[in-house]
Each structure stands twice: as structure tokens, then as C-alpha cells.
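1. Provide a 3D model corresponding to the input given below.
(2 chains)
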Number of protein chains: 2
Amino acid sequence: MRTLLKNARIVTMNRDFDEFSAGWILVEDQFIVALGDGPDPEMAVDETVDVNGDLVMPGMVNTHCHMPMTLFRGLGEDVDDRLFRYILPLEREAVTPDLVRIGARLAALEMILGGVTATADMYYFEQEVGRVLDRAGMRGVVGQTLADFNPPDHNSFDAGFGLVDDLRDEFRDNDRITASIAPHAPYSTGPEIMERVAGYVADNPDVCIQMHLAEMKSEMDWCSKHYKCRPVELADRTGILSPGAIMAHCLEVTPGEISTLAERGITVAHNARSNAKAGRGIAPVEAMRQSGIAVGLASDGAMSGNTLDIFAQMAPASMFAKLLGGSRKPMPAREIVKMATIEGARVLGLNNKTGSLEVGKYADLVRVSLAAPRMMPIYDIYAALVFTANATDVQDVMIDGEWVVRKGEALSLETARVLRDAAQIADTFSLKIRLIDAKGGNVPGV
Amino acid sequence: MRTLLKNARIVTMNRDFDEFSAGWILVEDQFIVALGDGPDPEMAVDETVDVNGDLVMPGMVNTHCHMPMTLFRGLGEDVDDRLFRYILPLEREAVTPDLVRIGARLAALEMILGGVTATADMYYFEQEVGRVLDRAGMRGVVGQTLADFNPPDHNSFDAGFGLVDDLRDEFRDNDRITASIAPHAPYSTGPEIMERVAGYVADNPDVCIQMHLAEMKSEMDWCSKHYKCRPVELADRTGILSPGAIMAHCLEVTPGEISTLAERGITVAHNARSNAKAGRGIAPVEAMRQSGIAVGLASDGAMSGNTLDIFAQMAPASMFAKLLGGSRKPMPAREIVKMATIEGARVLGLNNKTGSLEVGKYADLVRVSLAAPRMMPIYDIYAALVFTANATDVQDVMIDGEWVVRKGEALSLETARVLRDAAQIADTFSLKIRLIDAKGGNVPGV
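-> All right, here's what the predicted structure looks like:
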């Protein structure tokens, strides 16, 4: 099967940031086999798509998400201490394999429609999430969460590790879905479990680690009180900061801790909107990248960041870096697009497969319309993507050589059914959260 | 002429924030004559629009713009000291009445498509901007800029005041367009001209003042060096802080200065994205509003903020307030929507005419689709508008009882022609800015 895309403005996001003004891409089966500028190659193909001057860019990568929480989007806004007060009680009451499947479908639908072709995820009943991502045609690094707060799918860490085994077994031979182990955070696992996770990954090097780290003041306080140190130091002692581990947030990191993180070879998921909405501050992304840490953009769960597309993260990521630096210079638009694509792929350990348009890579690509008046004129295509484009400009999306979106409509998921199921299950959550709130939202054992 | 909108989810943004879940609005000629929830009124109408469960909200208000600069969108990104280095030389070389007209058309097109029904603007050849807004069917407060840096349309302040006279004369009887006088900034006019502006407005109370104030470090330094004070104090001495004057930015204001601004009855245009992109900081919006100052959302020019719609300003305005406050609590979504609508209208002095859906007000309203998967579920309609909706969700826009947008297409402007003209005139600016940069971009007399 050969598909030719032609008449495309192309940003490749390869090492030289090559751009083509009237380019073409030849896809054979799952792979990009040729691309270039100027006249199309004359050869027999099965499908020719004239993209009519639209932009073609690599599929975007979401480096941190809790997909099923899309059903909680917009619940419990503007309230501090939400995690213990609302979220954990709500999850314990409401989260079932059904909810996870239905929420993950809604999330996958939003992501493919917005041009996200690969995502990291961590939640409960994560096998369901992996299955949804597989059906949606996406790439995913799916992390079974482990935590001590009596979460919906395990009442002991032994049971939690069992779920990781199941996840690994199910997706062992899946080319697009990678099993991952996701200790929730230092304060919700403790150093012994972090050590055990490090050991598990040493024994199973195909399994990637995801964890929330150095995210908020209560975490800093907990760490200081119980271990007389900061979270990065505690985590480092346990060996969990192993090469390729994805650490989400990393807001509260000193220059010395950044050096430690860089030396260990971990990667970072930057949740710009979610962190800012929580009033928690701005992660020192520029400093982390300058130390050689790969930093990707991330939506976080929709209960925290509201959207799951990466367009919505790009302008905040740039603005926040400029605010932190007190200058226009930090993090120009091209660097932001890099974080949204090839650098995000590196965070997920997928940079040899996806994240740029290059011969030999899997055909994960997005067609973005440049036609809206708000896009005009375009002097800098990266600034246009970062500051004016939005998820609705996405026209077509291909993953692994398969079209999953055409003309803004999902092909790999049944939109009407996904929305109907989501509406039905979401119906009672507003009431539930009010009841939890009325009861003071206490979490036993926390 | 009577139009009935029915089957609408309505946010009125009236004093009680009334919302209707299955509502209707009756428009007669220019005015809203009735609205409510439940069964439609049974009466003869000329047009019935079933909005099919979409949201109807008041038209949004942009409180600070430089519409013709839309042609410079994305030029000179990521460079400090742009105003003197690039923008003023480029403007002196390129800005003509033709450019102003073509750029203002592109801006008006983007604004109506994004649900903005009223805007403040300040630029050169501002009569052209007023004419474009009038033709586009929008409301506008159009400010002739006055400055000492030899701008494109006046080489003396006397000539500049003459242009204000012309503007006032042309739009004296126009119900939708209000003439305004726009001294550029303290550092580019000086106290004598600010005094003269205050005197002009005392003699012509129909003319509103717009000015950039307390925007950046170089302004603070200039003021300190030449007048041994800060910009708010200098401005206050001249009498220019008169009731209803619109001050853009107000980033560098102390609590004492906020009290002064509140006592004088000025209003503030908050340019969240533009200020952040410049790395200048976050305006203390919550403190200003708590002092009783009306603060509206604003796009600034597209060379600074890239977009002109107000959806793009809402999430940043909320996130920045939460970052500044170190908590999720500041500036909940409903307050942000208030700033985008009725409070913005108050900034423009139009709150008796527009900004909310109430009987007796002009029919300025926007239909927003809630159908995209990324909008689902909706527990909090304001959070959905602030954090997930975007300009592309706007379906229909009515201003002054006239449809200016239907099904996402502009009726009052000829889209293809506007885009063609814009593309043609924008063609050479990239080259021009490179030449200006190569010459060091010096501005004589600065």
C-alpha cells in the first residue's frame, strides 16, 4: 500500500529543521519511504492526497495524561487541596473498568482529532486504556498506577505489581503500546516501594517508569518532615531515577537537582496549563533542557488541565518560559514545536519511531489547515503553530500509515457512540462530588 | 424585523449571572426585547433560528488592539527591545492609509469570526479603522494615536490633534463607532501633551482617552530619570487619568497606585498573552478589580499577541491570576467570562448598550457550538468557555440585531478579498524587517 501526499507545506522536525514549501511525502505500508520538495516523484501509488497547501507536520506527543479523567473535565474547579479532598474519594467511588474504558475512548477521540498520535498515560485498570489506544490506532506508553491510598483497582502494592505484570503480558508483542509502571508519587508510595519499582524495571527493562515528582508544596513538606530531604533526593536514593523514566511536573527542582536528573537520564513531562491552573508555579523548563534533559509537553488529566490536545499547551509553555526569563528570548516557537513532537517522542522512548518526518520512521503525521483568517499572514510557521493554530485546524491524521482522522472526522473511533457513553456515565459525577464535599472529602489513611 | 433564537443554552452575564438551559431570545430590530427559559413565546416573527442546544452568550469585547498591525502578525518574534528596534521603523516605512484599511479589515474579519463584537483600537490613520469597523458591523472605540517619534500620519502634535478633530467629526453621529484620543504612552508624549489631552477631553467629553501605561521597565526608567517618579504619578499630575480613560497594560502598579487609578475612575485593558510573550510579567488584575477598577481582556496588536479573539485570552488571564496568587482560587472562570463581556463593555463605556443579554440592550450575541468531543462533559459552562472552547467554535454572530457571521462564515466582510489584499500587502514585510535589522533599526530622536 502506497500513499502520496503532495502540495504540502512541510515541517519535518528532523535534526536540521528542514522545511519544504511545496513538498511531498511517500508512505509505504507503515513507513515514510521518501519525502522532498518540488515535483512529486512519478510512480504508481494506491492513494494520492493533494493537501492543497496545508501544513503537514509530525504527529504530536502528549507526555503525561490520565485519560479516563476526561470524564471529570471541569469538575471541582478553583478549589485548593483537590487531590485529597475530591479526586481520591471520587475515584474510589466511581472508577471501574467501564469508566476507564469510556473515559479513555473520549480522551483518545479528543487527542486524535487534535493531532496527538502518541501519549503517555497513567491510571487505574490501565489494561483498558491500552486496549482503547490500540483500537484508536494510537501509540501509547500505558502506566499502571501504584499507590497507598486504596485506589480503585488494588488494595495492596503486591496486587498493584500483579496488575503491572498483567499489563506487560498483554502488550508484550504490541508494536504501538508499551507497558509502563507508574508509582503515583513519592508521598503515595514511599521509598521502599520506589526501590521495589526500580528493581522491577531492572528485571524487566522493556517496562518504562512514570511518576509525579516535585510537583507541589505538600509533597515538599511531606518529604522534609519524614525524610529530612527533598523529593528528588529521596527518589534518587531509591534508584527510581533510572534512564528513560518519565518524571511529570518537576516544578520544585534546584539547579543541583536538575544536574542529578540530567545525570540519571530521566525525561520530563511539562504540564504547563495544569501547573498554572493549580497556581503551583512554572517549571524551569529552559534550565532542564539546557542540562540535556528531554522535556515534552503534556496535558495532564482533563480534571486539571481541561484539554488534551498539545496545541493548547504550546503557547502557555512559551509564555511561561518568557515570564520566568523576564525576556522575549527564551523558548522560541520552533523549540516549542520540537518539544511537542520529536522531543516528546524522546521522552516516551519512541524517537526512533516517531516525532519527525524522516525516511524510515513510522508514518505518524498531521495535516493542519492554514486557511483561517486568524492564521494570516505567516512569516514564521512555528509561531503560527504555537500562537494561532488550534486543535480545530487539524484536518487529517495518519498513525502507523493508517488514516485515523480525515476531514476532521475520526475514523478509528465511533464519535457518536463515544460521546453518548461519556454523557451517560458522567451524568452523576456532579452530584457525587457535592456529596463528597459535604462529607468533608476525607480519605481514610491519608 | 423580529428574530427568535430558540433551543439555546444561554449565559446572560446579567447582574445575577442568570443561565437558561433551554432558552430563547427575541430580537426586534436592533434590540433584545425578551428572553427566557422554557417554551418559546408564541408570536409572529420574521426569522426563527433553532440553535439546537448550542450556547448563546453576549458578544465579546476586546479592550485594546492595534488592528492594522495584524499584517505584522508573527514578525520579529523572540527579540527584546522590539518597539524601537523594529516596530517604529517598520511603521514609518510601511504604514499608509491603504495598509491601515487592509490590515483593519483582516483584523475585523478575525474578530467577528471569533465572537468579538466590540473593540477598542488605537493606531494611525484611525479614521480608516473606524470606517472598516463600521462596514464590518462592529462596535468600536477608535483612538487616533499621538506620539513624538515621527509616526506615519503626523509630524507634530498639532497635526495629531487635527486628526483627532477629523475623527470626532466623522463619527459624531455614528451609534456604533466612538472617537477616541490615544496618546501613545507617557514616554512618547511627555507631560505637556498629556495635559493637553486632558484639556481636549474636558472640552469634548464625548471623546474617550486610551493610553499605554506602566507597561515596561524602559518606561519606568525613563520616568524615573526625567521626572523622578513613576508613570502613574506622572500621568496623574497631568489630569489624564480622567473617568473612563482606558489604560492598557498597568503591569507596574503598586497598591497605592492601584488606589489612585481606582479613585480616578479609569479602566484597564489586560493584555495577558502579549505581556507574557514579552516576558514583562503579570498585571495585578485581581487587586485592581478588588479596588473597583473595571478590567477587560485584550488582544493587543497581533505583532505582540498573535491572535485577536478573546477566547485565546481567557485561559491565560485565569492561569496568570492563579500563578500570581499561588492558588487555584483566584479568578474563577465565571469572572473571566465577565471580563470578556460585560466588564469589557464597561471598560469601553458601552455597558449600557452591550456586554450582557438583557431586555433593552442591543442584540450583540454569539452562538458557540458545544459539540466538539473536547467540550465534553460540561459541568461548568464558564470553565468550558475559558479552558476548552476556542474561536473556531463560534457559529453565528449578531451585532446590533444584524447577523455578521452565519455558520462560521462572515457576512459583513468579503473573506476572499480581505485575505487576498492582506497577502499582497504583507508580502514584503519580512524583507523590510530584515533590512531594518541590518541597519541597526535606529529611530531618529529616540
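2. wouldn't A:Ser218 be in contact with A:Pro186 here?
-> No - with contact defined as C-beta atoms under 8 Å, A:Ser218 does not reach A:Pro186; the gap is 11.3 Å. Where C-beta positions appear, they are placed from N, C-alpha and C, glycine not excepted.
3. more neighbours, those two?
-> Higher neighbour count among A:Ser218 and A:Pro186: A:Pro186, with 27 against 12, using other C-beta atoms under 10 Å in any protein chain shown.
4. please report the distance of that one from chain B.
-> Distance, A:Pro186 to chain B, using C-beta to the nearest C-beta, to the nearest Å: 22 Å.
5. mind listing what that residue touches?
-> When contacts are counted by C-beta atoms under 8 Å, 6 or more residues apart in numbering or on different chains, A:Pro186 is found next to A:194, A:211, A:213, A:219, A:222-223, A:231, A:234-235.
6. what residues are up against the closest residue to it other than its chain neighbours?
-> Leaving aside its sequence neighbours, A:Pro186 sits nearest to A:Pro231 (C-beta to C-beta, 6 or more residues apart in numbering or on different chains; 4.9 Å). By C-beta under 8 Å, 6+ apart, the residues touching A:Pro231 are A:186, A:213-214, A:219-220, A:223, A:252.
7. could you list the domains of chain A?
-> Chain A resolves into domains spanning A:2-58+A:361-409, A:60-347 when parsed by automatic domain parsing.
8. with mean pLDDT added, can I get those domains in TSV?
-> Shown next, in TSV, are the domains of chain A (pLDDT from 0 to 100):
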stretch	mean pLDDT
domain A:2-58+A:361-409	97
domain A:60-347	97
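9. looking at those domains, which is buried most?
-> Highest mean neighbour count among those (mean count of other C-beta atoms under 10 Å in any protein chain shown): domain A:60-347, with a mean of 22.
10. now do the end-to-end distance for that domain.
-> Counting by C-alpha to C-alpha, to the nearest Å, you get 12 Å between the two ends of domain A:60-347.
11. check stretch A:71-91 too.
-> Stretch A:71-91 has its terminal residues 11 Å apart, counting by C-alpha to C-alpha.
12. same check on stretch A:180-197?
-> First-to-last residue span, stretch A:180-197, C-alpha to C-alpha: 11 Å.
13. what does the stretch 51-200 of chain A put close to chain B?
-> Proximity of the stretch 51-200 of chain A to chain B (C-beta under 8 Å from any C-beta of the partner chain) is limited to residues A:71, A:73-75, A:77-80, A:82, A:106, A:109-110, A:113-114.
14. which pair of those residues spans the longest distance?
-> Across those, no pair lies farther apart than A:Asp80 and A:Leu113, at 32.2 Å, counting by C-beta to C-beta.
15. bridging residues for A:Val394?
-> Beta-bridge partners of A:Val394, counted by DSSP bridges, are A:Val368.
16. I'd assumed A:Leu365 was in contact with it.
-> No - with contact defined as C-beta under 8 Å, A:Val394 does not reach A:Leu365; the gap is 11.0 Å.
17. quick check: neighbours shared by those two?
-> With contacts defined as C-beta under 8 Å, 6+ apart, no residue is shared by A:Val394 and A:Leu365.
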